[in-house]
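Undergrad: Any chance you can model this:
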Amino acid sequence: MIKNFFKITYRNLLRNKSFSLINISGLAIGMASAILILLWIQNELSHDKFHEKGSRIYIANNRDKFNGQVWAWPTTPKIMAPTLKLSYPEDVEDAVRINFANFLFTVGEKHLNVQGNTVDSGFLSVFSFPLLKGDATKALGGVYNIVITEKLSKKLFGDEDAMGKVIRIDSVDNFTVTGVLKDLPNNTAFNFEYLLPWAYLKKINQDDDNWTNNSIQTYILLKPGVSQPAFDEKIKNITISHTTNSTSPSTTQVFTQLFSDHWLYSKSENGKYVGGKIEQVKMFAIIAGFILLIACINFMNLSTARSEKRAREVGIRKVVGAEKTSLIIQFICESIVLALIAGLLALLLVQISLRAFNTLVSKQLFVEYSNPYFWMIALGFVLFTGLLAGSYPAFYLSSFRPIKVLKGTFKAANAAVTPRKVLVVLQFTFAIALIICTIVVEHQIKYAQSRDSGYEKDRLVYTFIQGNNEKHYDLIKNELLSSGTAVSVTKSMSPITQRWSDSWGYTWPGSKPGDDKTDFVRFSSDADFVKTMGVKLVAGRDIDINNYPADSNAMLLNETAVSVMKLKDPIGTIIREDDNSEWHVVGVIKDFVFESPYQKVQQLMVSGPKSWFNVIHYKLNPALSTSKAIDMARNIFDKYNPGYGFDYHFVDKDYEQKFFAEKQYGTLAALFAGLTIFISCLGLFGLATYMAESRIKEIGVRKVLGAGVGNITTLLSKDFLKLIMIAFLIASPIAWYFMHQWLQTYNYRVGVEWWVFALTAAVSVCIAVATVSYQAIKAALANPVKSLRTE
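TA: Residues are numbered from 1 along each chain as shown. The predicted structure is shown next:
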């Protein structure tokens, strides 16, 4: 019987080549799209789930109230980890700190700027990053030990054994390689090429015991059986208790979050992590499900559309004794065979498109063909698709009554509402909703891009302070200016496009109790901040330590800060910090975008040279070509900071990166909207083809009676256009609701305007007409003599 099933399936495939091609193509594209999305989802859900002790690893977080809202954030004081180990030995097995590091590595004539982490010695015992060489318990035990990844080992030493080799860091200290790590997997939040021991931070005086300096991440390994809620209750007031006797006691509470949850749940609301990437995962899971469903709907519609052609087969089988169950099994087996062929084709499509998809999502996804679990899941996926696609046609076809079929009185249903029409409407409802969403996302991106950043990005460049840059800053600045390479230069705490620091605990004349909990973003400058960045000065003057020696503790405020502080005449205002230091306001600058261009600008303080600096900004001379100015700048930096290489960044490119995430999701939405439309149109084309074939005699009669090509084309197209317009009416409010909700997450946003729906309606109708009209016109142009010859 099984052999007979396969034989009938094979004959049906050959007999109906065009329908089989449309069915298989639609299913294959739908399955390939779903597989790509599921690969991305699997990667997101598996982030840092591979650590053997993962169920006991927690990340320490702070919670406090600022600007009238409760916030949570995952950076903590450096002193917290050793305090937790010392104070709670019954609960804490280990606690490790992680700090960002960026040093110049020198091996022979090779010089590389490499990013890594400074960590406590127990890091490799807490986390499961396998060492290819070395001992995890000892590798970070010495001050001058270093653990590098396999990738960095090849960069520095080629194919030589890196163990025991010496790396010079920042032309100051020599480190011995005591471990080589396997390259990090693509599903971890960590991103480093080397690990340095925390003891080295102490050696270079970058460790501190300040409980209000939240600058690093702390990871806690709890002992087996320890309750997280009970532990959180114990440590809740650890920061408060250690700052009770300080001049400004802290009100910050501490809590933990399971580390493996942080990747998906990092969005803070009312002091709790309630969302984040998990929302995107859910959204794309829905898209994957609908794309697969649409492909299955194609199969259902085309299978039931051909019902009259298979009706006699069903009737004869029933007459000779076939039961309904056996017919259902036969039709489901046919659909599973088709799904299997489509599945193999889908894997081929995935393999072809995976590299481009990886570029689009900025990941290194891959299909584990050698993993037996993959094939088990793939087989289950194919069976599920086959059952989903074949279930309705199987029950529909097997329900035919043999008497009507064999007497020739069987006719396919032509009611106003049929399952086939409902399925077509469902297909295009999702496709049209995706088109609307894609247009809104693109409109929102362009709207934010058109927003005035508040500073002049063109030809503005920055270089991080490394090596002798700080020591020779005055010489570098003077030569940049005197050589005509740059027209202005300033030092700052961070790049103008990024927020590296914020603080609270400030008081000023007229401030009220509670105002010290206002959080201010912090920048810094030695001089010429306004001139170099191109920000607009609203009142007062710029910080200028060269002409105003007292400007070491000068400060600029942005307009939002002046408004929040309720300062009527801010110039000359004395602002006190909780460490008793004082700043005097010399100028007010117009708000500029330093974080997300979609959000409102926060209150900002730009402090003078008394602060600290990490970056040199310089405005290239517009009289020079960009390449010429960069070459001149390279010569100057290399002259005063030899061996470090010239590392520079254009601010306009940095600013463009702020739109990366939205552009990525917009591109993905557009891609899958296009695929959805294509799959839907495949089904529509198949239905139009069947309709033209089934009504060929009617068309012949109409032509004989004088109907023109236009009349017949309209007759054959109007029913489909009605379905498209019904789908548009259903999709529009659904898309409006979800896009309205999405836009509410942005302060600077567009509205969902009427033209979006008008454009979508026009595009949808054009696509449907283009799909159906070919078959309609072909049928209308056919010679009626051929179709009526048998009459």
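Undergrad: what is the mean pLDDT for the host helix or strand of residue 672?
TA: Per DSSP states H and E, residue 672 falls inside helix 660-694. If you average the pLDDT over helix 660-694, you get 80.
Undergrad: so how far is it off the chain centroid?
TA: Relative to the centre of its chain, helix 660-694 is centred 23 Å away, using CA atoms, centre = their mean, to the nearest Å.
Undergrad: in that helix, what counts as buried?
TA: For helix 660-694, the buried set under the neighbour-count rule, 16 or more other CB atoms under 10 Å, comprises 662-663, 665-666, 668-673, 675-692. Every residue, glycine included, has its C-beta placed from N, CA and C.
Undergrad: got it, and stretch 181-201?
TA: Going by neighbour count (16+ other CB under 10 Å), the buried part of stretch 181-201 is 181, 184, 187-188, 192-201.
Undergrad: Which of those residues sits closest to residue 282?
TA: For the buried residues of stretch 181-201, the minimum distance to residue 282 (CB to CB) is 18.2 Å, reached by residue 187.
Undergrad: In contact with residue 289, which residues?
TA: Contacts here follow CB atoms under 8 Å, 6 or more residues apart in numbering; on that basis residue 289 touches residue 34.
Undergrad: gap between the helix or strand hosting it and the chain center?
TA: Here residue 289 sits within helix 277-305, counting by DSSP H and E. The gap between where helix 277-305 is centred and where its chain is centred comes out at 21 Å by CA atoms, centre = their mean.
Undergrad: what's next to stretch 378-386, contact-wise?
TA: Contacts with stretch 378-386, where a contact means CB under 8 Å, 6+ apart, come from 27, 31, 35, 292, 295-296, 332, 335-340, 342-343, 347.
Undergrad: Tell me the most packed of the residues you listed, by neighbour count.
TA: residue 295 (33 neighbours; other CB atoms under 10 Å).
Undergrad: What residues of the helix holding residue 289 count as buried?
TA: Under 16+ other CB under 10 Å, the buried positions of helix 277-305 are 277-278, 280-281, 283-285, 287-288, 290-305.
Undergrad: quick one, it and helix 660-694 angle?
TA: With axes from the mean of the first three to the mean of the last three CA atoms, to 10 degrees applied, the angle from helix 277-305 to helix 660-694 works out at 10 degrees.
Undergrad: Tell me where the model's unsure across the stretch 601-750 of the chain.
TA: Along the stretch 601-750 of the chain, the parts satisfying pLDDT under 70 run over 690, 692-697, 703-705, 708-710.
Undergrad: just the stretch 251-400 of the chain next, same as before
TA: For the stretch 251-400 of the chain, the stretches with pLDDT under 70 are 304-322, 324, 393-394, 396-400.
Undergrad: Find the residue at the geometric middle of this structure.
TA: Among the residues of the chain, the one closest to the centroid is residue 661, at 5.3 Å (CA atoms, centre = their mean).
Undergrad: which stretches of the stretch 251-400 of the chain form strands?
TA: For the stretch 251-400 of the chain, the strands defined by DSSP state E, counting those that start in this stretch occupy 253-258, 267-269, 272-275.
Undergrad: packing partners for the second one?
TA: Other elements packing on strand 267-269 under the criterion 3 or more CB pairs under 8 Å, 6 or more residues apart in numbering; DSSP states H and E are strand 69-73, strand 272-275.
Undergrad: Could you please name the strands the last one pairs with and the direction of each pair?
TA: Spelled out, it's strand 272-275. Paired with strand 272-275 in the same sheet, following DSSP bridges, are strand 267-269 (antiparallel).
Undergrad: Give me the contacts around the partner strand.
TA: Residues from elsewhere that reach strand 267-269, judged by CB under 8 Å, 6+ apart: 71-73, 273-276, 279.
Undergrad: will you turn these into CSV that also has distance to residue 250?
TA: Compiled in CSV, those are given as follows (distance: CB to CB, whole Å):
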residue, distance to residue 250
71, 14
72, 15
73, 14
273, 21
274, 25
275, 27
276, 26
279, 32
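Undergrad: most surrounded residue in those?
TA: Most surrounded of the contacts of strand 267-269: other CB under 10 Å gives residue 72, at 20 neighbours.
Undergrad: I'd like to know how far that one sits from residue 271.
TA: Residue 72 sits 5 Å away from residue 271, going by CB to CB, to the nearest Å.
Undergrad: Likewise for residue 574?
TA: Using CB to CB, residue 574 is found at 33 Å from residue 271.
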